[in-house]
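1. What follows is a protein structure lacking sequence information:
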């Protein structure tokens, strides 16, 4: 329990450092009305709010997770999760957002024991939905990668 709170407090420090870095970012040209700082700052505020809640959450919920042992199986899943996220970041530019998010979502669904059919359907809906949300609705340009020739 105390280790969770120490880790969460360290995350708050990381968020503060990232927020400072985001506020000092200057783009060479203005391509959106609020500038390039708004999205990372909004995301960091949401992450910090969730982290603060986890630090001060009611004791009943915290005690439910206090007895969870850190076994080799759990550590293996953590390593696979970090590996999948790293591959997503590595292939983000070359494959594009939709394809890399699709494969990342399949990996996460399978990692948490999802069936293949439901994992593929969920991944497709999430990849296309998030692309539509960011690229079309929020005007945040995302790389298309291998799909750029399709005229999406």
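-> Done, it's in. Just so you know, these numbers come straight off a predicted model, no measurement behind them.

2. Going by C-alpha atoms from here, please, whenever you check contacts or count neighbours.
-> Fine.

3. can you pull out the strands in this structure?
-> Counting by DSSP state E, one finds no strands in the chain.

4. If you average pLDDT per helix and strand, which one of it comes out bottom?
-> Least confident helix or strand, the chain: helix 59-66 with a mean of 56, by mean pLDDT, DSSP states H and E.

5. Could you measure from residue 125 over to residue 92?
-> 18 Å (Cα to Cα, to the nearest Å).

6. With residue 109 instead?
-> Look at residue 109 and residue 92: by Cα to Cα, they are 19 Å apart.

7. do the same with residue 130
-> In terms of Cα to Cα, residue 130 sits 14 Å off from residue 92.

8. So which of those two has more stuff around it?
-> When neighbours are counted by other Cα atoms under 10 Å, residue 130 and residue 92 differ, and residue 92 comes out ahead with 19 against 16.

9. Run through the residues that contact that one.
-> 100, 143, 145 (Cα atoms under 8 Å, 6 or more residues apart in numbering).

10. domain assignment for the chain?
-> As assigned by automatic domain parsing, the chain contains the domains 2-66, 72-147.
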